[in-house]
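Peer 1: generate coordinates for the sequence data below:
(3 chains)
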Amino acid sequence: MAFWLFKSEPDAWSWADQVAKADAGEEWNGVRNYQARNFMRQMAVGDLGFFYHSQKDRAVVGIVEVIAESHQDSTTDDPRWDCVDIKAVEPLPRLVTLDTVKADPRLSEMALVRQSRLSVQPVTAEEWQIVRTLGGL
DNA sequence: GCCAACGTTGGC
DNA sequence: GCCAACGTTGGC
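Peer 2: Numbering: from 1, shown residues only, chains lettered A, B, ... in the order given. Now for the predicted structure:
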């Protein structure tokens, strides 16, 4: 099983929106970046991810699970773009802000820090554990 | 609201 | 196939 991070502008699609979908989950659609798409193609059902709010919040806010492997993105007919489905699993008791991540030397290699514009990113098992703990889980 | 970083497009 | 122009993202 692998770990990931999904980035979203809360104004467009927030953790609350994701939670509202409950176990039905939702497509992680709208990604138009090859690197991000390729990561989604590598995902398997059962993989876990962090849900990150960009812009105003700049924090990891919850945990999500991949519930469908990559398939055509329903928001476009362009066959280049596909996406997975994810559902909310649980919120983090404490938000883990970008500042916190940047301040922790163990997290200095995270894509979140090194490649700030990438919207879907891999997370190592070690990073997963550290951020979970910082989040109070 | 600005700007740096970076990805994409299109002319050559 | 290169590169300039342009568009977008996201931190600050």
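
Peer 1: residue A:43 against residue A:68, yeah?
Peer 2: No: using CB atoms under 8 Å as the test, residue A:43 is too far from residue A:68 to be in contact (9.3 Å). C-beta here means a position set from N, CA and C on the backbone, and glycine is covered the same way.

Peer 1: what do those two both touch?
Peer 2: Overlap between the contact sets of residue A:43 and residue A:68, as judged by CB atoms under 8 Å, 6 or more residues apart in numbering, is given by residue A:84.

Peer 1: compare the two (neighbour count), which wins?
Peer 2: residue A:43 (22 against 15; other CB atoms under 10 Å).

Peer 1: the closest residue to residue A:4 other than its chain neighbours pairs with what?
Peer 2: Leaving aside its chain neighbours, residue A:4 sits nearest to residue A:49 (3.8 Å; criterion: CB to CB, 6 or more residues apart in numbering). For residue A:49, the residues forming beta bridges with it (DSSP bridges) are residue A:4, residue A:64.

Peer 1: and chain A, which residues reach DNA strand C?
Peer 2: Chain A has residues A:7, A:9, A:32, A:54-55, A:58, A:98-99, A:102, A:112, A:116-119 near DNA strand C, with proximity defined as CB under 7 Å from any atom of the strand.

Peer 1: drop anything exposed from these.
Peer 2: Taking 16 or more other CB atoms under 10 Å as the criterion, what is buried in those is A:7, A:54, A:58, A:98, A:112, A:118, A:119.

Peer 1: secondary structure and pLDDT added to these, as CSV?
Peer 2: CSV is the format used below for these (DSSP: H, G, I helix; E, B strand; the rest coil; pLDDT from 0 to 100):
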residue, secondary structure, pLDDT
A:7, strand, 96
A:54, coil, 95
A:58, coil, 95
A:98, helix, 96
A:112, helix, 95
A:118, coil, 94
A:119, coil, 94
